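Asks: Build me a structure from this.
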Amino acid sequence: MKRLLPILGGLLGLALLAFALSGRREPPAANPPRPLRVQVVPVRRAPLTATTVVDGVLQPTARVELTAQVPSRVLRVAVVEGGVVTAGGLVVQLDDAELRGNIARAAAGVAASRALLAKAQAGQLAARQAGQAQRRKAQGGRRAAEAAEAQARLGVPLTRAQAIADLATARAGLQAAQAQAAQAAKGVSLAQTQATADLAAAEAGVRAARADLQRAQAGADLATAAAAADVSRAAAGLEAAQANARRTSDGARVEDLAAARAQVEQARLGREQAQREVADLEYLLQHGGIAGDTVAGARTQLGIAEQQLKAAEAQLAKATAGATAAERQAAAALVGEAQAGVQAAEVGRGRTRVSAGEIAAAEAQLARAEAGRQAAAEARADRVEVAAAASRAAAAQVAQADAGVAAAEAALARVAVAQGQAAAAAANTAMARAGEAEAGATLAQEQVLAADLLAARAGLQEAEAAHRLASFQLSRTTLLAPVSGTVTQLAVRPGDTILPGMPVAVIEAAATADLEALATPEQRLQIAVGQRAEVTVPGAPRPFGGTVREVAAVAEGDGRSFKVRIVVQHPDLPPGLHASAAIAVSTAAAALQVPAAAVLDGSDGGAAVYLLEQGRARRQAVTLGLRTPQAVEVLDGLRVGAPVVVAEGLALYDGAPLEVD
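Replies: Presented below is the predicted three-dimensional model:
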């Protein structure tokens with residue numbers, strides 16, 4: 001069973017692999033989204049009246065009681081008891097100076113709140129753009145610093161220990177090359193001295209041969225003198241040849257042997273130094289202190305030192321051994337020739353005249369002497385040139401070794417520079433990473449600015465609510481007759497101070513009907529006595545005009561509704577019918593407006609619309625004012641003529657493709 005487990009495991013793995021491979025499919029190509037069919041409406045300026053709708057029941061009207069809605073002082077009374085008023089006519093005018101100041105302050109607060117909102121929106125946008133730019137710049141700086149650090153680390157050629165070892169090797173090579181150059185210079189001097197001596201001897205032979213020929217040609221009368229001279233010259237030649245033979249037999253001079261021995265000793269010291277360096281470096285290599293290339297270089301220098309020792313020993317052996325067998329044979333031949341010349345001169349001394357054979361012999365002797373001189377001159381040039389070539393080669397080797405020392409010193413300096421550059425690059429990388437982290441901190445600042453934007457929007461809403469409240473209170477300072485009729489009671493005079501709910505006047509109405517409706521607390525702040533209304537009765541052929549004549553200052557028993565009475569100008573409507581009234585609570589003469597269906601309310605309290613730009617949707621934040629069921633006033637964020645998308649029921653998003661109906 002234990003043997004089967006690995007086999008079963010392998011088969012299971014192969015099965016899973018085959019299943020995975022069979023299940024891999026290329027994902028289908030993503031289809032481009034289909035354009036959404038929408039309507040586009042341009043932003044326009046037009047009068048806009050905001051209304052609020054209340055529902056109620058028609059009641060018969062007999063008398064209307066006007067009550068105060070705001071605390072104030074009576075400035076003017078426009079009616080008298082028993083007088084007749086028409087619907088919408090002025091009854092009492094209250095002092096509105098303080099309320100107008102409140103409206104001005106509220107309007108200033110709205111303007112300031114809008115400015116703060118605009119500033120917060122601009123700050124958030126600028127912070128977002130600056131943060132994105134800063135993060136992109138920091139990321140680019142970090143990537144560039146990392147690349148520079150990697151490049152700098154690649155630029156470090158050697159370790160410091162390797163560079164120092166290379167420098168020591170180069171200096172040892174320079175010392176060996178300098179010793180070899182000194183030896184080559186001594187060889188040049190020795191070759192020049194020996195070649196000059198050989199050439200001088202050959203030239204002496206030429207001069208002697210010429211003298212012999214001249215004497216042979218002088219005539220018979222000079223034969224005896226010539227023969228004596230021949231004997232003398234032959235003896236001199238013999239002496240010179242014997243001296244040359246002795247010099248050849250005796251070998252090199254003492255000073256030459258001393259120089260050769262000194263050269264051998266110097267080469268031996270160089271080899272011993274190289275052997276010690278190889279032993280030291282091999283010890284360091286065995287203990288991991290240096291690289292193998294350094295030991296290989298030291299061994300190469302040891303081989304060079306051994307070759308130099310062998311060359312010096314060979315030179316010493318040559319100087320000690322003296323001339324070669326060929327040179328000794330040549331010197332012996334010269335001695336023999338000189339002896340023959342002496343014998344010939346002795347024989348010729350007794351002659352009274354020179355024979356033609358003797359003249360020919362003298363000419364042959366001259367030819368041989370000149371040939372010897374030519375050979376000595378050529379040998380001198382060759383010997384000196386060989387020694388000079390060796391000296392030049394040694395000088396070139398010195399220059400090469402000197403260049404190697406300079407290169408090793410430069411490499412050591414480059415190691416320090418490259419290591420410093422690598423450290424600086426690493427520091428730059430650390431700074432760039434810190435800058436990238438600091439750039440990431442701008443996200444927190446953007447979140448703070450987003451919170452400031454929400455606070456600014458809330459402040460604007462609060463300021464607008466205060467302005468609406470002040471406008472509502474100002475509208476309550478003018479008490480108008482809600483119906484046409486007779487003033488039966490007048491409870492105030494100019495200068496009186498009144499409070500909300502206090503009676504002002506009673507009007508016996510003409511033939512009219514009242515719509516008694518209930519308003520919410522929000523509607524209660526918008527509705528005022530005297531506002532126009534459009535009353536719709538189910539089944540009636542048309543709506544009827546009306547006027548708000550009473551707004552309750554105290555809530556009903558449920559605490560959530562306020563009673564509102566609207567006078568309907570139609571005496572034939574029977575009581576008890578249900579009706580609704582659209583009360584005009586606010587009007588803007590030239591409002592920048594869009595369809596209500598185009599406005600999207602955000603979860604953060606803001607609003608937005610979508611604009612059509614190059615066939616695609618773009619979300620645009622807006623600040624709203626008056627609202628009606630059909631249109632909404634835009635205070636900020638749009639311009640006249642901007643194409644606003646109306647797409648009820650469609651899920652729009654930034655960049656969505658659109659198709660206009």
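Asks: residue boundaries of the helices in this protein?
Replies: 4-23, 97-154, 160-218, 223-250, 254-286, 292-321, 325-349, 356-440, 442-475, 521-526 (DSSP state H).
Asks: between the ones you listed, which gets nearest to Ala588?
Replies: helix 442-475 (12.3 Å; C-beta to C-beta). Bear in mind the C-beta positions are built from the backbone N, C-alpha and C, glycine included.
Asks: can I get the helices of the chain in CSV with distance to Gly602?
Replies: Below are the helices of the chain laid out as CSV (distance: least, C-beta to C-beta, whole Å):
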stretch, distance to Gly602
helix 4-23, 44
helix 97-154, 13
helix 160-218, 66
helix 223-250, 122
helix 254-286, 76
helix 292-321, 73
helix 325-349, 118
helix 356-440, 27
helix 442-475, 10
helix 521-526, 21
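Asks: how near is the closest residue to Ala191 other than its chain neighbours to Ala425?
Replies: What sits nearest to Ala191 in space, not counting adjacent residues and going by C-beta to C-beta, 6 or more residues apart in numbering, is Ala387, at 4.1 Å. Ala387 sits 56 Å away from Ala425, going by C-beta to C-beta, to the nearest Å.
Asks: likewise Ala168?
Replies: Counting by C-beta to C-beta, the gap from Ala168 to Ala425 is 30 Å.
Asks: Those two: which is more packed in?
Replies: Ala425 (20 against 16; other C-beta atoms under 10 Å).
Asks: thinking the more buried one is in contact with Ala148, fair?
Replies: Yes. Using C-beta atoms under 8 Å, Ala425 is in contact with Ala148, at 4.9 Å.
Asks: returning to what we had before: the residue nearest to Ala191 contacts Gly187, doesn't it?
Replies: Yes. The criterion here is C-beta under 8 Å, and Ala387 meets it with Gly187 at 4.8 Å.
Asks: so how many other residues sit close to the residue nearest to Gln183 when sequence neighbours are not counted?
Replies: The shortest distance from Gln183 to any non-neighbouring residue, by C-beta to C-beta, 6+ apart, is to Gln263 (4.9 Å). By the criterion of other C-beta under 10 Å, Gln263 has 24 neighbours.
Asks: how about Gln263, what does it touch?
Replies: By C-beta atoms under 8 Å, 6 or more residues apart in numbering, the contact list for Gln263 reads Gln183, Lys186, Ala312, Gln315, Leu316.
Asks: So of these, which two are at opposite extremes in space?
Replies: Applying C-beta to C-beta across the contacts of Gln263, the maximum distance is between Lys186 and Leu316, 12.6 Å.
Asks: With neighbour numbers in mind, choose between the two.
Replies: Neighbour totals were compared for Lys186 and Leu316, and Leu316 leads with 21 against 17 (other C-beta under 10 Å).
Asks: Just give me the neighbour total for the nearest residue to that one once chain neighbours are set aside.
Replies: Excluding its sequence neighbours, the residue lying closest to Leu316 (C-beta to C-beta, 6+ apart) is Ala260, at 4.0 Å. For Ala260, the count of nearby residues is 24 (other C-beta under 10 Å).
Asks: Could you double-check that Ala260 lies in contact with Ala312?
Replies: Yes. Using C-beta under 8 Å, Ala260 is in contact with Ala312, at 7.2 Å.
Asks: Quick one: neighbours of the closest residue to Glu550 other than its chain neighbours, just the number.
Replies: For Glu550, ignoring the flanking residues on the chain, the nearest one in space by C-beta to C-beta, 6+ apart is Arg565 at 4.0 Å. Arg565 has 22 neighbours, counted by other C-beta under 10 Å.
Asks: wait, isn't Arg565 in contact with Ala533?
Replies: No. Checked against C-beta under 8 Å, the pair Arg565 and Ala533 is beyond contact range at 10.8 Å.
Asks: Now do the shared contacts for those two.
Replies: Val548.
Asks: Any stretches of the stretch 501-650 of the chain with poor pLDDT?
Replies: Within the stretch 501-650 of the chain, the ranges that satisfy pLDDT under 70 run 510-512, 570-572.
Asks: Hmm, Leu90 is touching Val487, no?
Replies: No. Leu90 is not in contact with Val487 according to C-beta under 8 Å; the separation is 11.9 Å.
Asks: any common contacting residues for those two?
Replies: Joint contacts of Leu90 and Val487 (C-beta under 8 Å, 6+ apart) are Val79.
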